[in-house]
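Enquirer: Sequence and predicted model, in that order:
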Amino acid sequence: MEIHGLHHVALPCADLERSRRFYREILGLTEIPRPALPVAGAWFQVGANQELHLVVGDAQATFRISKGLDTNDIHFALRVTSYRQALEALKAQGYREDMSPDDPMGIRTSMRVGYPQIYVLDPDRNVIEINAVGAD
């Protein structure tokens, strides 16, 4: 088997319109056409060849209902061109580093792996890492 790359990440969501707004307005992703499927959802373009798929979950979905921002938990990472611009954009939307890890508007930053990382939660408490090559 020869793997060419990661095609998409699929995440459960409870409120599709709320999640669409987060991924469009907070992260700036572009929504792309999605085939007619038996479950509601939305697809977003991430970079040139990757996608994010939101799937409306049911009672069987794996939601992180009460868990706070845990950087060691399951997450996906987005690479940005400017760490500083990403951090400033999130702060302009009301995200803050001094918030409790349980607060959905909290930001956690780190340099522990050798490049700068920002962690946030989406509306369904899915963990998202945003990173850059350097701290510019």
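Expert: Yes, it's here.

Enquirer: From here on, just use CA atoms for contacts and neighbour counts.
Expert: Fine.

Enquirer: how near is residue 69 to residue 111?
Expert: From residue 69 across to residue 111, the span is 16 Å (Cα to Cα, to the nearest Å).

Enquirer: quick one: which of the two has more around it?
Expert: residue 69 (24 against 12; other Cα atoms under 10 Å).

Enquirer: Let me see the contact set for residue 111.
Expert: residue 117 (Cα atoms under 8 Å, 6 or more residues apart in numbering).

Enquirer: Next: the one 3 residues further on.
Expert: Residue 114 makes contact with no residue under the criterion Cα under 8 Å, 6+ apart.

Enquirer: SS state for it?
Expert: With DSSP: H, G, I helix; E, B strand; the rest coil as the basis, residue 114 sits in coil.

Enquirer: Tell me the first helix or strand C-terminal of whichever helix in the chain runs longest.
Expert: When the chain is parsed with DSSP state H, its longest helix is helix 83-92. Later in the chain than helix 83-92, the nearest helix or strand by DSSP states H and E is strand 108-110.
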